[in-house]
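K.L.:
Return atomic coordinates for the entry below.
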Amino acid sequence: MLTEAHRIPSPLTHLSEEEDLFFSTVRKFAENTIAPLVRAMDEEQKIAPELVEKIFALGLMGIEIPEEFGGAEGSFFDAVLAIEAISTVDPAVAVLVDVHNTLVINALRRWATEAQQRMWLPRLASSTVGAYALSEASSGSDAFALLTRAEKIEDGYRLNGRKLWISSAREAGLFIVFANIDPAAGYRGITAFVVEKGTPGFSVGKKEDKLGIRASSTCELLFDNCEVSAGNLLGEPGKGYKIAIETLNEGRIGIGAQMLGLAEGAWRHAARYAQERRQFGKPIAEFQAVQFALAQMATDIEAARLMVYNAARLKDAGQPYVREAAMCKLMASQVAERVASQCVDIFGGNGFVRDYPAEKYFRDSKIGKIYEGTSNMQLATIAKQMLKSGL
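P.N.:
A predicted model of the protein is given here:
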């Protein structure tokens, strides 16, 4: 017979003891180790190398990797919690953790052979940053209009082309690269390859000078008769489109977590400043207009948290989550932009200068509506899913 406790489902945002400890540990790491470096990394447009080493040492680059390969064998939800916690301090650093875990590692766990996993997963868990190379000048939202080509040769494939907007390109040592082996077949010719840094014919090109998340490197990749062995083929030839679609569905939840964490960080700074800043003889937090602004920000954040956590838990439960992933990215990116903007308003003139954190949260928030599928693409996905299955 079920007890009363068994009949009551756990609240969606309730964290288990292990999840709460993990989230608290990562957030403490972010506040103690990342926070002192944020200003310098933003200005230098570079993640401190020693910080990357510490992130690996904490186990944050192998969250879902099996223990036999040196990982923590955690859940997708654990990865989402790590991204959220880091993003409260610096969304730029969270990009490194997000792409590595939700895109690269998940793609390898699902489609790599056992031999490939044994070759690459231990390195990804301990020292090698992963990057995901899909976008090109002609293929943004139209992700499969790829011009990068892969020609079959005797011992493998020869890649030629150019990728753009590749996150973590400067730090990465391993790249999942999408190229077309049969242009006449359209998207059915798209194939995924694993390309390692230092492979002849492969180089990292121009680094973009961005509005926000400036410490996260975003670069072009150049392939000039770059030859890879047949063992670097990920999945089956012509099945790269399936790998890309399914991996990006998971990645959208990661972006939702990043934007959620950003909004939380902006709110905390705004609330703290409102209690410290005095005007007309009292803290501005005592004025109703400021209280209402903080209350609305907090409500929006809680709504975004529900959507992000729901999508992540659905994914871990093996339930359909494509619609929820698109919704959580759409919602969280909107919330992040609104909350970060309101944070600047609460800081007033101080919110407009770099001596205070508000302006960076605002700059960082804008990317949430753009990468891993623009807001319009999320709306298109949601509409398609809703019209297919109904409410």
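K.L.:
Mind giving me the packing neighbours of the helix or strand hosting Cys226?
P.N.:
Element membership of Cys226, judged by DSSP states H and E, is strand 218-229. Judged by 3 or more CB pairs under 8 Å, 6 or more residues apart in numbering; DSSP states H and E, strand 218-229 is in contact with strand 156-167, strand 172-180, strand 190-196, strand 202-207. All C-beta atoms are positioned from the backbone trio N, CA, C, and that covers glycine.
K.L.:
Redo the ones you listed as CSV? Include distance to Arg305.
P.N.:
Below are the helices and strands packed on strand 218-229 laid out as CSV (distance: least, CB to CB, whole Å):
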stretch, distance to Arg305
strand 156-167, 24
strand 172-180, 30
strand 190-196, 33
strand 202-207, 33
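K.L.:
Reformat those as JSON lines; add mean pLDDT.
P.N.:
Formatted as JSON lines, the helices and strands packed on strand 218-229 follow (pLDDT from 0 to 100):
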{"stretch": "strand 156-167", "mean pLDDT": "98"}
{"stretch": "strand 172-180", "mean pLDDT": "98"}
{"stretch": "strand 190-196", "mean pLDDT": "98"}
{"stretch": "strand 202-207", "mean pLDDT": "97"}
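K.L.:
so which of those strands gets nearest Thr128?
P.N.:
Proximity to Thr128, assessed across those by CB to CB, is greatest for strand 172-180 (4.1 Å).
K.L.:
neighbouring contacts of whatever helix or strand Lys152 lives in?
P.N.:
Using DSSP H and E, Lys152 maps to strand 149-153. Applying CB atoms under 8 Å, 6 or more residues apart in numbering, the contact partners of strand 149-153 are Tyr157, Arg158, Leu159, Asn160, Gly161, Ala179, Asn180, Ile181, Pro183, Thr191, Phe193, Glu227.
K.L.:
got a list of what the first one touches?
P.N.:
What it means is Tyr157. Counting by CB under 8 Å, 6+ apart, Tyr157 has contacts Ala150, Glu151, Ala179, Ile181, Thr191, Phe193, Glu227, Val228, Ala230, Asn232, Leu233.
K.L.:
nearest residue to the last one other than its sequence neighbours?
P.N.:
Think Leu233. Closest residue to Leu233 in three dimensions, ignoring its sequence neighbours and counting by CB to CB, 6 or more residues apart in numbering: Phe193, at 6.1 Å.
K.L.:
Spatially, which two of the contacts of strand 149-153 are the most separated?
P.N.:
The most widely separated members of those, counting by CB to CB, are Pro183 and Glu227 (19.4 Å).
K.L.:
Neighbour count for the two, which is higher?
P.N.:
For Pro183 versus Glu227, neighbours defined as other CB atoms under 10 Å are more numerous around Glu227 (17 against 11).
K.L.:
Any idea what that one is bridged to?
P.N.:
Arg158 (DSSP bridges).
K.L.:
got a list of what it touches?
P.N.:
Ile153, Asp155, Gly156, Tyr157, Arg158, Leu159, Thr199, Pro200, Gly201.
K.L.:
go with 7 Å
P.N.:
Ile153, Gly156, Arg158, Gly201 (CB atoms under 7 Å, 6 or more residues apart in numbering).
K.L.:
Could you pick out the buried ones from these?
P.N.:
Restricting the contacts of Glu227 to buried positions leaves Gly156, Arg158, with burial counted as 16 or more other CB atoms under 10 Å.
K.L.:
Nearest residue to the middle of the chain?
P.N.:
Nearest to the mean C-alpha position of the chain, by CA atoms, centre = their mean, lies Asp98 at 3.6 Å.
K.L.:
Show me where the stretch 101-250 of the chain dips below the pLDDT cut-off.
P.N.:
The stretch 101-250 of the chain contains no residues with pLDDT under 70.
K.L.:
dump the residue contacts of Glu196.
P.N.:
By CB under 7 Å, 6+ apart, the contact set of Glu196 is Gly173, Leu174.
K.L.:
Quick check: the residue nearest to Ala179 when sequence neighbours are not counted vs Leu103, distance?
P.N.:
For Ala179, ignoring the flanking residues on the chain, the nearest one in space by CB to CB, 6+ apart is Ala150 at 3.9 Å. As judged by CB to CB, to the nearest Å, Ala150 and Leu103 stand 20 Å apart.
K.L.:
out of those two, which sits in the busier spot?
P.N.:
Per other CB under 10 Å, whichever of Ala150 and Leu103 has more neighbours is Ala150, with 29 against 24.
K.L.:
beta partners of that one?
P.N.:
Applying DSSP bridges, one finds that Ala150 bridges with Leu159.
K.L.:
Using CSV, list the CA coordinates for stretch 50-58.
P.N.:
Provided in CSV are the C-alpha atoms of stretch 50-58 (Å, rounded to 0.1, in the frame of the first residue of the first chain):
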residue,chain,number,x,y,z
GLU,A,50,44.1,28.4,-15.1
LEU,A,51,40.4,28.8,-14.6
VAL,A,52,39.8,26.1,-17.3
GLU,A,53,42.1,23.8,-15.5
LYS,A,54,40.1,24.4,-12.2
ILE,A,55,36.8,23.7,-14.0
PHE,A,56,38.2,20.3,-15.2
ALA,A,57,39.5,19.6,-11.7
LEU,A,58,36.1,20.2,-10.2
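K.L.:
buried sites along that stretch?
P.N.:
Buried-residue list, stretch 50-58, by 16+ other CB under 10 Å: Leu51, Val52, Ile55, Phe56.
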